[in-house]
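**Q** Test case, fold it:
(3 chains)
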Amino acid sequence: MTAPLFALADCNNFYASCERLFNPALAGRPLIVLSNNDGCVVARSNEAKALGIGMGIPFFQARKLVERHRVAVFSSNYSLYGDISRRVMAVLAGLCPDMEIYSIDEAFLRLDRLPHEPLALAREMRDRVRHWTGIPISIGLAPTKTLAKLANLIAKKSGEGVFQIERPERLHGLLARLPVKEVWGIGRRSAERLQALGIETVEQLRRADPRQIRRHLSVIGERILCELNGTPCLDLEETQSNRQILCSKSFGQRVTTLAPILEAVSNYAARAGERLRRQRLCCGHIHVFLQTGHHDARVYSNALSQGFPTPTSDSRQLIRVAKGLAQRLFLEGYRYQKVGVILMDLAESRRIQDDLFTPRNDNPRLMQALDAINARLGADEVFFAAQGVQRPWRMQSGYRSPRYTTCWNELARVS
DNA sequence: TCTGGGGTCCTAGGACCC
DNA sequence: TCTGGGGTCCTAGGACCC
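**A** Predicted coordinates for the structure are as follows:
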């Protein structure tokens, strides 16, 4: 058995690159993409990064820079990004089927089971994705996933596009210049704790005492340390079905009355039900939360759960229970920012056992018909009255680009 | 005025059992 | 002053990721 060799392929500035695909006039121009509700900056082109627009900052804080430098601004367009992502992943899988899709814009691949020379294969992947989809990617190669992440970072920074770490001890010069928070799995809190121990760079962490790290950062920290030294602790993960499904969005504006909250929670319950059925799952528990903004003057946040006698995937049941819980959570006198639904205790539908004494109210054929109509004619063509018609509470996305690849009415036009 | 959404994993602590 | 030990299961909360 050969030693593992992982590649991490990561799309450069993915959302920003997607926006440019169908709009060549944006090339070279600074561009940012906003989170849902146009709240925060979640993606930036290189030009926007160079202007000093930070990742994750609230949009209003970036507004001055945006106006002064004519930065192009987009609301997130997940239909577009999801479709482009599928195309990128298909190209990668065509060259190396041993793949784990890690996020919308990243995939881990194992190159050691293929006969090809790894660096040459990585360059081929990069060229082919660029050529076939228009999306630029970078690839890091290394004996562990954690090191492959770092190699990818170096590949991006160097502009090479591909970089391999063969033996971490041979590049201590590079690792000594990288702050420890760049390591996959080391977030803000862990970085602070490490700093208190005098560990500031990746190289210092790599050479740290495993017992000390375990004491302060638990097994996760110890595993990271191991991986940094070239001993793999993580392999590609099988795609497994979700453990929970969460549907939630901020309201377009703060909400003070119960009615729009009930409409919104019904929508999220229906959405969650669709996702549940698409994965052929049922849920045993539903959890509803309601909250004001963290930064609001009067803060309130609460949640309630309820179980089903028999696990279900029927939207009508999900909506009924979700509304009941939301009603109990609601208190007068607050300005609410968000409501959400989480489905838990997920199990495969075909394994559900009926309860002898509780008749089931599910109607799978009705749900199938509902999903089929919406799949064919467009989402939300048929919906429950509880979801509301006008939906004034809906989130804002004032800068959304057309869904070029997933909606007939929004195809790109060439004149 | 305006601060995302969707996930996973680990740990600590309480309830309960023998 | 002293008041068992060992185990399981569940949940809440923290931390992290993109």
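
**Q** State the distance from residue A:7 to residue A:77.
**A** Using Cβ to Cβ, to the nearest Å, we find residue A:7 at a distance of 28 Å from residue A:77. The way it works is simple: take the backbone N, C-alpha and C, and place the C-beta from them, glycine included.

**Q** between the two, who's got more neighbours?
**A** Residue environment comparison for residue A:7 versus residue A:77 gives the larger neighbour count to residue A:7, 29 against 23, counting by other Cβ atoms under 10 Å.

**Q** Run through the bridge partners of the more buried one.
**A** Each beta-bridge partner of residue A:7 is listed here: residue A:109, residue A:141, as defined by DSSP bridges.

**Q** I figured it hits residue A:109, correct?
**A** Yes. Taking Cβ atoms under 8 Å as the definition, residue A:7 is a contact partner of residue A:109 at 4.4 Å.

**Q** any residues in contact with both of those two?
**A** Shared between the contact lists of residue A:7 and residue A:109 (criterion: Cβ atoms under 8 Å, 6 or more residues apart in numbering) are residues residue A:96.

**Q** can you map out the strands along the stretch 301-415 of chain A?
**A** Counting by DSSP state E, counting those that start in this stretch, residue ranges of the strands within the stretch 301-415 of chain A are A:301-312, A:336-348.

**Q** ah, wrong one, I meant the stretch 101-250 of chain A
**A** With DSSP E, counting those that start in this stretch as the criterion, the stretch 101-250 of chain A has strands spanning A:106-110, A:137-142, A:162-164, A:245-255.

**Q** Packing partners of the first one?
**A** The helices and strands touching strand A:106-110, judged by 3 or more Cβ pairs under 8 Å, 6 or more residues apart in numbering; DSSP states H and E, are strand A:6-11, helix A:78-95, strand A:99-103.

**Q** relative to strand A:106-110, how tilted is the last one?
**A** Here the directions of strand A:99-103 and strand A:106-110 differ by 160 degrees (axes from the mean of the first three to the mean of the last three Cα atoms, to 10 degrees).

**Q** What is the neighbour count of residue A:14?
**A** Using other Cβ under 10 Å, residue A:14 has 22 other residues around it.

**Q** Among the strands of the stretch 301-415 of chain A, single out whichever gets nearest to DNA strand B.
**A** The minimum distance between DNA strand B and the strands of the stretch 301-415 of chain A falls on strand A:336-348, with 5.4 Å, by Cβ to the nearest atom of the strand.

**Q** Show me what the closest residue to residue A:342 other than its chain neighbours is bridged to.
**A** Closest residue in space to residue A:342, ignoring its immediate chain neighbours: residue A:287 at 4.2 Å, by Cβ to Cβ, 6 or more residues apart in numbering. In this structure, residue A:287 bridges to residue A:305, residue A:342 when assessed by DSSP bridges.

**Q** distance of residue A:287 from residue A:338?
**A** Using Cβ to Cβ, one gets 14 Å for the distance from residue A:287 to residue A:338.

**Q** Residue A:136 now?
**A** With distances defined as Cβ to Cβ, the gap from residue A:136 to residue A:338 amounts to 35 Å.

**Q** In terms of packing, which of those two has more residues around it?
**A** Between residue A:136 and residue A:338, residue A:338 has the larger neighbour count (other Cβ under 10 Å), namely 20 against 16.

**Q** you'd agree that one is up against residue A:249?
**A** Yes. Residue A:338 sits in contact with residue A:249 when judged by Cβ under 8 Å, with a separation of 7.0 Å.

**Q** picking that back up, let's have the helices and strands packed on strand A:106-110 in a markdown table, adding mean pLDDT and distance to residue A:305.
**A** Rendered in a markdown table, the data for these read as follows (pLDDT from 0 to 100; distance: least, Cβ to Cβ, whole Å):
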| stretch | mean pLDDT | distance to residue A:305 |
| --- | --- | --- |
| strand A:6-11 | 98 | 37 |
| helix A:78-95 | 96 | 28 |
| strand A:99-103 | 96 | 28 |
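
**Q** just so I know, which of the ones you listed lies nearest DNA strand C?
**A** Proximity to DNA strand C (Cβ to the nearest atom of the strand) singles out strand A:99-103 among the helices and strands packed on strand A:106-110, at 3.3 Å.

**Q** re the thing from before, go through the strands of the stretch 301-415 of chain A and pick out the most buried.
**A** For these, ranked by mean neighbour count under the definition mean count of other Cβ atoms under 10 Å, the leader is strand A:336-348 at a mean of 21.

**Q** Check the offset of that one from the chain's centre.
**A** For strand A:336-348, the distance between its averaged C-alpha position and the chain's averaged C-alpha position is 16 Å (Cα atoms, centre = their mean, to the nearest Å).

**Q** right, is it up against DNA strand C?
**A** No. Using Cβ under 7 Å from any atom of the strand, strand A:336-348 stays clear of DNA strand C, coming no nearer than 8.3 Å.

**Q** With only the CA atoms kept, save that strand in CSV.
**A** Taking Å, rounded to 0.1, in the frame of the first residue of the first chain, the C-alpha atoms of strand A:336-348 are listed here in CSV:
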residue,chain,number,x,y,z
TYR,A,336,-37.4,39.9,15.6
GLN,A,337,-34.6,39.3,13.2
LYS,A,338,-34.8,35.6,12.3
VAL,A,339,-36.8,32.5,12.7
GLY,A,340,-35.6,29.0,11.8
VAL,A,341,-36.4,25.3,11.6
ILE,A,342,-34.0,22.4,12.3
LEU,A,343,-35.0,18.8,11.5
MET,A,344,-33.3,16.2,13.6
ASP,A,345,-33.2,12.5,14.2
LEU,A,346,-33.0,11.9,10.5
ALA,A,347,-33.6,8.3,9.3
GLU,A,348,-34.1,6.7,5.9
